[in-house]
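> Just need the structure, nothing else, for what follows:
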Amino acid sequence: MSEPITQQIRITLRLPQHIQEQAKQRADTQHISLNSFIVRAVERAMAQKPMQQ
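Here you go, the predicted model:
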């Protein structure tokens, strides 16, 4: 699903604390970092068909 990463950027992401805690727990159960979990979630969202406007 993911393409090779050719360049990385650093961003600041503000999340409600409860979302960060839940995401961290899910990442831990998958034995991946929170960053990897968020990258995968964004990749899945971008792979979906665009919504009709």
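
> pLDDT below threshold where in this structure?
Where the chain drops to pLDDT under 70, the residues are 1-5, 53.

> check contacts around the one residue sitting closest to the centre of the chain.
The residue lying closest to the centre of the chain (Cα atoms, centre = their mean) is Ile38, at 1.7 Å. By Cβ atoms under 8 Å, 6 or more residues apart in numbering, the contact list for Ile38 reads 13, 23. All C-beta spots, glycine's among them, are computed from the backbone N, C-alpha and C.

> Is it in a helix, a strand, or coil?
The local conformation at Ile38, judged by DSSP: H, G, I helix; E, B strand; the rest coil, is helix.

> ok, it to Gln48 distance?
Noted for Ile38: a distance of 16 Å to Gln48, by Cβ to Cβ, to the nearest Å.

> ok, now Arg40?
Arg40 is 13 Å from Gln48, by Cβ to Cβ.

> Find the residues that touch each one of these two.
Shared contacts of Arg40 and Gln48, defined by Cβ under 8 Å, 6+ apart, are absent.

> Mind checking which of the two has more residues around it?
Set side by side, Arg40 and Gln48 show more neighbours around Arg40, with 15 against 7, by other Cβ atoms under 10 Å.

> Against Arg26, how distant is the more buried one?
Distance of Arg40 to Arg26, given as Cβ to Cβ: 10 Å.

> Let me see the ranges of the helices in the protein.
In the chain, the segments counted as helices under DSSP state H are 17-29, 34-47.

> Please convert those helices to TSV, extending it with distance to Arg10.
Formatted as TSV, the helices of the chain follow (distance: least, Cβ to Cβ, whole Å):
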stretch	distance to Arg10
helix 17-29	17
helix 34-47	10
